[in-house]
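Enquirer: sequence and predicted structure below; questions after.
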Amino acid sequence: MKASASSVGWTRIKIDVDNHIIAFTLSTMIAYEQARQHAEFSRIPEHVLAGVYAFVEHRSQPGHFLTCVLTNDLFGAVGRADSESGAALRELVCFIHAEVPTLCYGTNAKVREWLFPQPTLVMTPL
């Protein structure tokens, strides 16, 4: 598998399988330290931002507040937020929208599939 040069936010991947080239582009998040220093995202509490990165990069189960945000449960997010997280809810949603790959947030099903991916069966001809 080869990865070509990446530009900000995107990585191009090419896979050669039996002389068939499969190419796709993956969205990549900005580095954690960049997010901490970014003016628009600096109000997001450190533990919440770390939870987003752990969720995306390691498929770690987020806490209740972050799970509500990731699944678009506004009432649950507001009800579970501490004062610091509640005050930064808009910035957190903007960060997720701008940086987190869309295949792992937005609905309960997407979050569940991201956390517990189903193995794919690859069938080869006999």
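Expert: Structure's in. What do you need?

Enquirer: how near is the closest residue to Ser60 other than its chain neighbours to Cys94?
Expert: Using CB to CB, 6 or more residues apart in numbering and skipping residues adjacent in sequence, the residue nearest Ser60 is Ala54, 4.0 Å away. Backbone N, C-alpha and C define where each C-beta goes, glycine included. Computed as CB to CB, to the nearest Å, the Ala54 to Cys94 distance reads 19 Å.

Enquirer: what average pLDDT does the helix or strand encompassing Ser85 get?
Expert: Under the criterion of DSSP states H and E, Ser85 resides in helix 83-87. Averaging pLDDT along helix 83-87 yields 97.

Enquirer: what does stretch 29-39 give?
Expert: 92.

Enquirer: picking that back up, how close does the residue nearest to Ser60 get to Val48?
Expert: Ala54 sits at a distance of 11 Å from Val48 (criterion: CB to CB).

Enquirer: who are the contact partners of Leu49?
Expert: Residues near Leu49 by CB atoms under 8 Å, 6 or more residues apart in numbering: 32, 35-36, 41, 95.

Enquirer: could I have the buried ones of these as ChimeraX selection syntax?
Expert: Restricted to buried positions by 16 or more other CB atoms under 10 Å, the ChimeraX selection for these reads:
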select :35,41,95
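
Enquirer: sort out for me which of the contacts of Leu49 are in strands.
Expert: With strands defined by DSSP state E, no entry of the contacts of Leu49 lies inside them.

Enquirer: in helices, which of the contacts of Leu49 fall?
Expert: 32, 35-36, 95 (DSSP state H).

Enquirer: TSV please, covering those residues and showing distance to Leu74.
Expert: Putting the ones in helices among the contacts of Leu49 into TSV (distance: CB to CB, whole Å) gives the following:
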residue	distance to Leu74
Tyr32	26
Ala35	23
Arg36	25
Phe95	16
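
Enquirer: picking up where we left off before, could the contacts of Leu49 go into a markdown table alongside distance to Leu89?
Expert: Below are the contacts of Leu49 laid out as a markdown table (distance: CB to CB, whole Å):
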| residue | distance to Leu89 |
| --- | --- |
| Tyr32 | 20 |
| Ala35 | 16 |
| Arg36 | 18 |
| Phe41 | 12 |
| Phe95 | 11 |
